[in-house]
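Colleague: This is a predicted model, with the sequence first.
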Amino acid sequence: MIKVRIPTPLRPLTKGQGEVEAKGGSIDEMINHLEGAHPGIKGRLCDEKGELRRFVNIYVNEEDIRFLKGKDTILKDGDEVSIVPAIAGGN
Amino acid sequence: MLSLKIPRQILDEMVAHARALAPFECCGLLAGQDGTVSRHYRITNTVAKDAQAVEVFDAANVKQLADLSEKRKAEVAYFMDPKEMLAAFKDMRERQLDLIVIYHSHTHSPAYPSMTDVGLALYPDAAYLIISLENKTAPDVQAYWIKDHRITQAEFHAI
Ligand SMILES: [Zn+2]
């Protein structure tokens, strides 16, 4: 099992849970598994082409997947995945 | 919506943070329980250095950053260091605190959300607090809820 930390903006999709369990051998598989359990979540993480949205940061055990293999980053049992939407703005 | 409670000391710290970084924008997070803030996290504004920032602003179709100098980027925009955010959220989790406020400074404009702020407001449950240094001698601090591109005032008071 993979432990996935859900940010507050996505908790309406997980019945308010800040932490859910998921399966999958990669980030891509994990997202598809999450979508099965929490419909709508994939569209918040990925665009129409299935690519991760620019403003979504995903960490595996605190490593940014951008610096690993992106959606193909391998997951193993016991890994902790954090989803953290960017915070930005301006004047 | 209830009025948020923010310790006077934290309000002073945020204004000091904004002044220390001016003319660049500062940013940070406040956490607590039941609308009462108890913890302040200063987060580094990495907009000038992080290539992801340009992509995020472009994807949201807000302020165009690509052609600005590093200095200018940090004067007109902020992008919270993702690693520091991750650490702050971990600390909140361990202390059983919730994110209550997302703040940043406007060093040359009023304490009101810009189109860029609205276009990038991804946390509807957090109040967006803005510290304006437009009037150097009298900083203005205001907070707003930004949901579905609609802005409403978020009441808060010092405790
Ligand atoms: Zn702003």
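Modeller: Everything's here; your move. What you see is a predicted model, and the numbers here were worked out from it, not measured in a lab. Numbers count the residues shown, from 1 in each chain, chains lettered A, B, ... in the order given.

Colleague: Geometric centre of chain B: which residue is closest?
Modeller: Most central in chain B under Cα atoms, centre = their mean is B:Tyr103, positioned 2.3 Å from the mean C-alpha point.

Colleague: Verify the contact between that one and B:Glu13 for me.
Modeller: No. At 10.5 Å, B:Tyr103 does not count as touching B:Glu13 under the criterion of Cβ atoms under 8 Å. Every residue, glycine included, has its C-beta placed from N, CA and C.

Colleague: So which residues of chain A form strands?
Modeller: Across chain A, reading from the start of the chain, the strands by DSSP state E fall at A:2-5, A:19-22, A:56-60, A:63-64, A:80-85, A:88-90.

Colleague: Let's have those in TSV, adding distance to the ion, mean neighbour count and mean pLDDT.
Modeller: Supplementary listing: the strands of chain A in TSV, determined by distance: least, Cβ to the ion, whole Å; neighbours: other Cβ atoms under 10 Å in any protein chain shown; pLDDT from 0 to 100:
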stretch	distance to the ion	mean neighbour count	mean pLDDT
strand A:2-5	27	20	98
strand A:19-22	31	16	97
strand A:56-60	20	20	97
strand A:63-64	25	14	95
strand A:80-85	17	20	97
strand A:88-90	4	29	96
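
Colleague: re the thing from before, got phi/psi on the residue nearest to the centre of chain B?
Modeller: Main-chain torsions, B:Tyr103, degrees, to the nearest 10: phi -120, psi 160.

Colleague: what are the bridge partners for it, then?
Modeller: Beta bridges link B:Tyr103 to B:Gly28, B:Leu129 when assigned by DSSP bridges.

Colleague: residues in contact with it?
Modeller: With contacts defined as Cβ atoms under 8 Å, 6 or more residues apart in numbering or on different chains, B:Tyr103 is in contact with B:14, B:27-30, B:128-131.

Colleague: Tell me the confidence at it?
Modeller: pLDDT, B:Tyr103: 98.

Colleague: any idea how far it is from A:Pro12?
Modeller: Using Cβ to Cβ, to the nearest Å, we find B:Tyr103 at a distance of 24 Å from A:Pro12.

Colleague: quick one: contacts for A:Leu52?
Modeller: The neighbourhood of A:Leu52, defined by Cβ under 8 Å, 6+ apart, consists of A:45-46, A:58, A:70-71.

Colleague: Distance to B:Ala138 added to the strands of chain A, as TSV?
Modeller: As requested, the strands of chain A are arranged in TSV below (distance: least, Cβ to Cβ, whole Å):
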stretch	distance to B:Ala138
strand A:2-5	41
strand A:19-22	44
strand A:56-60	37
strand A:63-64	40
strand A:80-85	34
strand A:88-90	22
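
Colleague: correct me, but A:His33 touches A:Val20?
Modeller: No. Under the contact definition of Cβ under 8 Å, A:His33 does not touch A:Val20, with a separation of 10.1 Å.

Colleague: Pull out the buried positions in the helix or strand bottoming out on mean pLDDT in chain B.
Modeller: Least confident helix or strand, chain B: helix B:51-59 with a mean of 92, by mean pLDDT, DSSP states H and E. By neighbour count with 16 or more other Cβ atoms under 10 Å in any protein chain shown, helix B:51-59 contains the buried residues B:52-54, B:56-57.

Colleague: go on, stretch B:28-36?
Modeller: B:28-32.

Colleague: List the buried residues for the strand or helix carrying B:Ala16?
Modeller: Secondary-structure assignment from DSSP states H and E places B:Ala16 in helix B:8-21. Within helix B:8-21, the residues that qualify as buried by neighbour count (16+ other Cβ under 10 Å) are B:10-11, B:14-15, B:17-18, B:21.

Colleague: Check stretch B:90-98 too.
Modeller: By neighbour count, and taking 16+ other Cβ under 10 Å as the criterion, the buried residues in stretch B:90-98 are B:92, B:97.

Colleague: Report the mean confidence score over it.
Modeller: 97.
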